[in-house]
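Student: Okay, structure incoming, though there's no sequence with it:
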DNA sequence: TAGCATGTCAAACATACGTTAGTTAGCCTT
DNA sequence: AAGGCTAACTAACGTATGTTTGACATGCTA
């Protein structure tokens, strides 16, 4: 099992530029056509090179998939952590969750191809790729769990719904916004405000 | 453009049985591996026949896809309409939406392979298949729009969130439950109750 | 200026795919 | 008993895919 491409030690500008280009176009194609339906010739075409040249930058199609998946999670996780950590220490759980929602949506929608590809194709990729990626997902889920557990302990979360159901439902709902959010219809800030309201207080007027 | 399989006029028991079997296994494989990654040889294997025999029942792989997609929507739409229509005429909008949520979740989770396949792969299928399927989707979306419009007119829906955002967010959230709902952890009725509470009143205690 | 690493290319390989064609075993009707 | 329909089979076809190989420019280094 030897590395067939050159060592990852030195990386020139042209190298990384093309590499990033491949990842970008691959994520876009994975998102819209799925992993299996996307051919390396299509990726190469979109990146302005020939199919064989991809193998100078990556070992296999699956390695590209792996990096695309990781980037998708990372973009979101970074944005969330950054916003939550910049909050004052005595912030309420509600404030923390609000910051997390804003960060999640921001990361999600500003790296649409990577995040949407991740969400859409994760359930369909080869098992090997899934196993490799599972850990990154688990860590992000744990972060939210901790956030919601704190809310529960402080009595801010409703007690008639389970914390797990709440987390899965809310994150699922947030994730899916990348499939329909249209930045041309209203500002991002306004969008976040509406979503946050729904998550916290629901869609109906209190009876 | 002639029909290559036999006319759809007479259909024996063995015929329809195998046909249904093919659709069932195809939906399961589409759900878990995607449309492009699923081969007709896999579908045939799972259905207990040989690949070539599929062409006695279907004209092409894409026709199978079309029927799988339609079944996914139909299962949900039927359940929703049935529950909403069996409500008394003076039902509040909240009662109607609650019935719709229950129906949506029921149809979704009781035909998991068809509905999940639909949700997961719709964004990735060939354009021709997408165009053919679009109408069925639109009709179901219109049904929800009407329901939520009524809620808005009656003043039951919060006025600080848009009706379109509410519909897209809620339906997206409901749809995604099929990816994580575990019937072994609590009853379906209990699950529906929690989800409905979140949708109506949110996840946090009112300040 | 000679030599070497870099990034890309064209061409080929083996494999796997959707689909087609021709055949056949069992059953119902006559 | 014969004929025809049904539902499956086997075998093949053409095409497309991921990947490999060896050659070729370009620019940096000695």
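Tutor: Cool, got the structure. Since we're looking at a predicted model, the values are computed, not measured.
Student: use CA for all of it now, contacts and neighbours both
Tutor: Will do.
Student: residues in contact with residue A:75?
Tutor: Counting by CA atoms under 8 Å, 6 or more residues apart in numbering or on different chains, residue A:75 makes contact with A:107, A:108, A:111, A:115.
Student: if we go to 10 Å?
Tutor: A:103, A:104, A:106, A:107, A:108, A:109, A:110, A:111, A:112, A:114, A:115 (CA atoms under 10 Å, 6 or more residues apart in numbering or on different chains).
Student: are any of these buried, and which?
Tutor: A:103, A:104, A:106, A:107, A:108, A:109, A:111, A:112, A:114, A:115 (16 or more other CA atoms under 10 Å in any protein chain shown).
Student: quick revisit: rebuild the contacts of residue A:75 as a markdown table, extending it with distance to chain B and secondary structure.
Tutor: Below are these laid out as a markdown table (distance: CA to the nearest CA, whole Å; DSSP: H, G, I helix; E, B strand; the rest coil):
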| residue | distance to chain B | secondary structure |
| --- | --- | --- |
| A:103 | 17 | helix |
| A:104 | 15 | helix |
| A:106 | 16 | helix |
| A:107 | 18 | helix |
| A:108 | 15 | helix |
| A:109 | 15 | helix |
| A:110 | 18 | helix |
| A:111 | 17 | coil |
| A:112 | 14 | helix |
| A:114 | 15 | helix |
| A:115 | 14 | helix |
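Student: which one among those gets closest to residue B:149?
Tutor: Within these, the smallest distance to residue B:149 is 27.6 Å, found for residue A:109 (CA to CA).
Student: picking up where we left off before, rebuild the contacts of residue A:75 as CSV, extending it with pLDDT.
Tutor: Formatted as CSV, these follow (pLDDT from 0 to 100):
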residue, pLDDT
A:103, 98
A:104, 98
A:106, 98
A:107, 98
A:108, 97
A:109, 97
A:110, 97
A:111, 97
A:112, 95
A:114, 98
A:115, 98
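Student: out of the residues you listed, who's near DNA strand D?
Tutor: Cross-checking the contacts of residue A:75 against DNA strand D (CA under 7 Å from any atom of the strand) gives no overlapping residues.
Student: which one of those residues is nearest DNA strand D?
Tutor: residue A:114 (18.1 Å; CA to the nearest atom of the strand).
Student: Quick one: residues contacting the closest one.
Tutor: Going by CA under 10 Å, 6+ apart, residue A:114 touches A:23-28, A:30-31, A:67-76, A:107-108.
Student: Quick check: the farthest pair among the contacts of residue A:75?
Tutor: Based on CA to CA, the longest span within the contacts of residue A:75 runs between A:103 and A:114 and measures 15.7 Å.
Student: Now do the buried residues in the worst-scoring helix or strand of chain A on mean pLDDT.
Tutor: When the helices and strands of chain A are compared on mean pLDDT, DSSP states H and E, helix A:13-33 comes out lowest with a mean of 92. For helix A:13-33, the neighbour count (16+ other CA under 10 Å) marks A:18-19, A:21-33 as buried.
Student: between those, which is nearest DNA strand C?
Tutor: Nearest member of the buried residues of helix A:13-33 to DNA strand C, counting by CA to the nearest atom of the strand, is residue A:18, at 5.3 Å.
Student: I'd say the closest one and residue A:43 touch.
Tutor: No - applying CA atoms under 10 Å, one finds residue A:18 not in contact with residue A:43, separated by 11.6 Å.
Student: got the angle for the top helix by length along chain A vs helix B:13-33?
Tutor: Ranked by residue count, the top helix of chain A under DSSP state H comes out as helix A:127-153. Per axes from the mean of the first three to the mean of the last three CA atoms, to 10 degrees, the angle that helix A:127-153 makes with helix B:13-33 is 70 degrees.
Student: Any residue of the very next helix or strand once past helix A:127-153 touching chain B?
Tutor: Later in the chain than helix A:127-153, the nearest helix or strand by DSSP states H and E is helix A:163-176. Yes - contact of helix A:163-176 with chain B (CA under 10 Å from any CA of the partner chain) involves A:163, A:165-176.
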